[in-house]
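S.K.: Mind looking at a prediction? Sequence and model below.
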Amino acid sequence: MPDSFSIMTLVWREMMTLMKSGLLAVGTAAFAMLAVAGAQARTLDPAKPEDALEISKRLQCGVSEDEPAVYHWSGNIYGRSPGLRDKLLFKGEGMNIRRCVEVNDPQRGKGWRLVSREVMLMLDPKTGEVVRQWENPYTGETVEVMHIHNDPVNGRPNFARGADGSPFTLGSLREAGPYVFMPFEAPLFYTNPLTGDYQEYVGGEYHAMEIFDFGALKSDLYDSTKPTAYPMISWVRISGWAPWMKMGSRPGQMVFNAMGRKLPGGFEELPDVLKSEIRANYPIYEQAPPKDDARPNETTWTKFKLLTDKAREAAGTSGKSGEGH
């Protein structure tokens, strides 16, 4: 989209052409357009709640509710086990397709809410091919790989003012020369859907850390004439072993490290390996969830439980029963 100077230049040239043709009335209308364009063009101020909300929306969303945004990231996935060298287990290719929908609150006015779904593929570190079966280097057992495919991954509504009247802020935002940096850490500690009802007594909670670091040009993010921005992102996740790895109670962690960006070309700009795999095996991930999506969020752990329970039901089996005194 042209910047405010380009808009005003085009309108001015059109006005001059029309006036030379004797179309003074039309030229006057063009001059009015020039005034409107100049009035609407401004630099957003992250210190103002309404502008901070708009900046956050530009960071996360697409051009409109009907034109979803696509984030892509690529990186490495390591295993870390006490007493052993870290192992590069997979290369990773991931994407998130999303839309931001307008929401209205009687007290807080207009805001927006993110709805999305995501895929991340585990690739062979040497060949770059999608891994279907994997020989676990820690156990020697060959297991079926469950690639990350979470649907949905939605956010809460965001407003310029909180329910208590507090202003919306971008507390982590930092400016450096022509750039804007926004790091976000998400410490996660909650009930693990794969373990029992007594986690507060015996442990087993899901414990992880996800880190999202965004970087963008001020001229891209703060320009009010642009409907969205195209930032870069780095993503790190430190978590327990993925359940499909069948690691049991072995101590250790997985470390995901990736970088990427929001794609101006959307889904079609993704690497071929992602596009092909999604179209073959995860076709709904070519589109964002519906605007009114109210489903609970999925994670790797809830998805694994869902698929495992379905497989057991189809096979007429159930989980292992406990034994002992």
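M.R.: Thanks, I have the structure now.

S.K.: Break the protein down into its domains, please.
M.R.: 1-41, 42-288 (automatic domain parsing).

S.K.: Deepest-packed of those domains, please.
M.R.: Greatest average neighbour count among the domains of the chain goes to domain 42-288 (a mean of 16), per mean count of other CB atoms under 10 Å. In this view, the C-beta of every residue, glycine as well, is placed from N, C-alpha and C.

S.K.: coming back round to it: the domains of the chain: which one's closest to Thr302?
M.R.: Using CB to CB as the criterion, the shortest distance between Thr302 and the domains of the chain is 5.2 Å, found for domain 42-288.

S.K.: Could you check how far that closest one is from the centre of its chain?
M.R.: Relative to its chain's centre, domain 42-288 lies at 4 Å (CA atoms, centre = their mean, to the nearest Å).

S.K.: Could you pull up the mean pLDDT of it?
M.R.: In this model, domain 42-288 has a mean pLDDT of 97.

S.K.: end to end, how far does it reach?
M.R.: Separation of the first and last residues of domain 42-288 by CA to CA, to the nearest Å is 31 Å.

S.K.: wait, is Lys305 part of a helix?
M.R.: Yes - secondary structure assignment (DSSP: H, G, I helix; E, B strand; the rest coil) places Lys305 inside a helix.

S.K.: quick one, what contacts it?
M.R.: For Lys305, the residues meeting the contact criterion (CB atoms under 8 Å, 6 or more residues apart in numbering) are 193-194.

S.K.: Kindly reformat the domains of the chain as CSV containing distance to Glu298.
M.R.: Conversion of these to CSV gives the following (distance: least, CB to CB, whole Å):
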stretch, distance to Glu298
domain 1-41, 35
domain 42-288, 4
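
S.K.: who wins for proximity to Ala315 among the ones you listed?
M.R.: Of all the domains of the chain, it is domain 42-288 that lies closest to Ala315, at 14.1 Å by CB to CB.

S.K.: other SSEs contacting the lengthiest strand in the chain?
M.R.: Using DSSP state E to define each element, the chain has its longest strand at strand 87-105. Strand 87-105 is packed against helix 49-60, strand 69-80, strand 109-123, strand 253-262, helix 272-281, with contacts defined by 3 or more CB pairs under 8 Å, 6 or more residues apart in numbering; DSSP states H and E.

S.K.: let's go with 7 Å and repeat that
M.R.: Based on contacts counted as 3 or more CB pairs under 7 Å, 6 or more residues apart in numbering; DSSP states H and E, the elements that strand 87-105 packs against are strand 69-80, strand 109-123, strand 253-262, helix 272-281.

S.K.: check contacts around the closest residue to Trp112 other than its chain neighbours.
M.R.: Distance criterion CB to CB, 6 or more residues apart in numbering; nearest residue to Trp112, sequence neighbours excluded, is Cys100 at 4.6 Å. In this structure, Cys100 makes contact with 57, 60-61, 65, 112-114, judged by CB atoms under 7 Å, 6 or more residues apart in numbering.
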